[in-house]
Each structure stands twice: as structure tokens, then as C-alpha cells.
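Peer 1: need a 3D model of the following:
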Amino acid sequence: MPKINGNEIRPGNVLEHNGGLWAAVKVDHVKPGKGGAFAQVEMKNLRNGTKLNERFRSADKVERVRLEQKDQQFLYEENGKLVFMDTETYEQIELPADLLGERRPFLQDGMTITVEFHESEALHAALPQKVTCRIVETEPVVKGQTAANSFKPAILDNGVKVMVPPFVGPDEEIVVNTETMEYSERA
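Peer 2: Coordinates of the predicted model:
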């Protein structure tokens, strides 16, 4: 694995530090009036989610880890595990359902997601940025109501509650941004 200097750390880098895998969330380069410059790095543990603030001087060497990204197709859920198939080798893997966190309801049958691996361990899974969902329940369309900054609650077919514009009615398909979990557009 390549070693980089402490001042070369950028947000999004994955580092091996203190025996764990850490993602750099925020990096501030500090030049104090006295002493040498350093990088103040806020890191998040990829295995358990704990956070850590660490200072790295430019002379410090850190292991930078490259994660392998693979597209996986969702097959089914069984006993709290999500079963995926590698789209190239057709190998099946099981991942814990909590790997997706609060975005889990947006996972649909046959959907292809990107899973990041370190050696053979799955560390992170990313859904497509936009997913189409159907509205199950919302207030009726009110004629003459303008769409300027007024939103109403709606419940989607996956049980998630989102705010939608007043012109969107029940049984309509909408596109939801899975990163912000907000209404994006009509489908």
C-alpha cells in the first residue's frame, strides 16, 4: 500500500491508522505562529462509525488504502442479511442489512448498487443517486394552490415519508434523491 505524507491527506481518502480503516471526513491545514504546520484531520472509522480527530505533520507517513468498487445486484433479503450477486462473476455475497442505514427502504429488487471492498470485507454500499417510488398516501391536490415553497407530506410505497409539492397526488410515481432523501421530480 502506498504511504503518503501527512500534508497530502484529502477528504475522502481512506487511511490505515492505529490498526483500523478510517475515512478522512474533514481536513484543515493549520500554520501556527510557533512550530511547524500540520493537518488537522477528522476521521470516521469505516467498521464501527466512531470519529477521531488527529494531527499529522508533513513528515508523518500514513498508509493510504484503495478500496475496490464492485457493482452488485440485489437479489433478496434473508434473516437480516441482504444477498447480492456480482454482475461479472455471478458470485453471491451476504451483507448485513444495516450497511445501508436509513437508505435501506430504497433498495428495490434487481437494483444494482456499488459496494466498496477492502480485501474481501465489504465496508460501504451506495445506492443509485435517484430512485423511482410510488406515492401511497398524500393530501389531495388543491386547485389554485401555488407550488412556491409549499410542500405537503407523502408516504411512499416503501413506507418512507417525504415532502412533495402540492401538485403531486396519490398513485403518482416520483423520483427521490437517496442522498438527501428528498423529492426530486416526477417520474
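Peer 1: in the protein, where is pLDDT below threshold?
Peer 2: 1, 141-149 (pLDDT under 70).
Peer 1: domain ranges for the protein, per the record?
Peer 2: Using automatic domain parsing, the domain parsing of the chain gives 3-65, 68-126, 130-186.
Peer 1: need those domains in CSV (columns: mean neighbour count).
Peer 2: (Each C-beta comes from the backbone N, C-alpha and C, glycine too.) Shown next, in CSV, are these (neighbours: other Cβ atoms under 10 Å):
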stretch, mean neighbour count
domain 3-65, 14
domain 68-126, 14
domain 130-186, 14
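Peer 1: so where does the residue in the chain sticking out farthest from the centre fall, helix or strand?
Peer 2: Most distant from the centre of the chain: K34, at 39.5 Å, with distances by Cα atoms, centre = their mean. Using DSSP states H and E, K34 sits in no helix or strand.
Peer 1: phi first, then psi, for it.
Peer 2: Phi and psi for K34, reported as degrees, to the nearest 10, are phi -120, psi 130.
Peer 1: and for K44?
Peer 2: phi -120, psi 130.
Peer 1: that one and R10, how far apart?
Peer 2: As for K44, its distance to R10 is 15 Å (criterion: Cβ to Cβ, to the nearest Å).
Peer 1: and what of N48?
Peer 2: If you go by Cβ to Cβ, the gap between N48 and R10 works out to 23 Å.
Peer 1: got it, and Q73?
Peer 2: Taking Cβ to Cβ, one finds Q73 at 31 Å from R10.
Peer 1: next one: E68
Peer 2: 19 Å.
Peer 1: from what I can see R10 touches V25, true?
Peer 2: No: the pair R10 / V25 is not scored as a contact, 11.1 Å apart, by Cβ atoms under 8 Å.
Peer 1: so what's the closest residue to L99 other than its chain neighbours bridging to?
Peer 2: Leaving aside its chain neighbours, L99 sits nearest to A125 (5.0 Å; criterion: Cβ to Cβ, 6 or more residues apart in numbering). When bridges are called by DSSP bridges, A125 pairs up with V115.
Peer 1: for A125, list the residues it contacts.
Peer 2: The contact partners of A125, by Cβ atoms under 8 Å, 6 or more residues apart in numbering, come to Q72, L95, L99, L100, I113, T114, V115, E116.
Peer 1: give me the element the first one is part of.
Peer 2: I take that to be Q72. With DSSP H and E as criterion, Q72 is part of strand 68-78.
Peer 1: export that strand as CSV, just CAs?
Peer 2: The C-alpha trace of strand 68-78 is given here as CSV (Å, rounded to 0.1, in the frame of the first residue of the first chain):
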residue,chain,number,x,y,z
GLU,A,68,-12.1,-1.9,-4.7
GLN,A,69,-15.5,-0.9,-6.0
LYS,A,70,-17.8,-3.6,-7.5
ASP,A,71,-21.3,-3.5,-8.9
GLN,A,72,-23.6,-5.9,-7.1
GLN,A,73,-27.2,-6.7,-8.0
PHE,A,74,-29.7,-7.1,-5.1
LEU,A,75,-31.4,-10.5,-5.1
TYR,A,76,-33.3,-10.9,-1.8
GLU,A,77,-33.2,-10.4,2.0
GLU,A,78,-33.0,-13.3,4.4
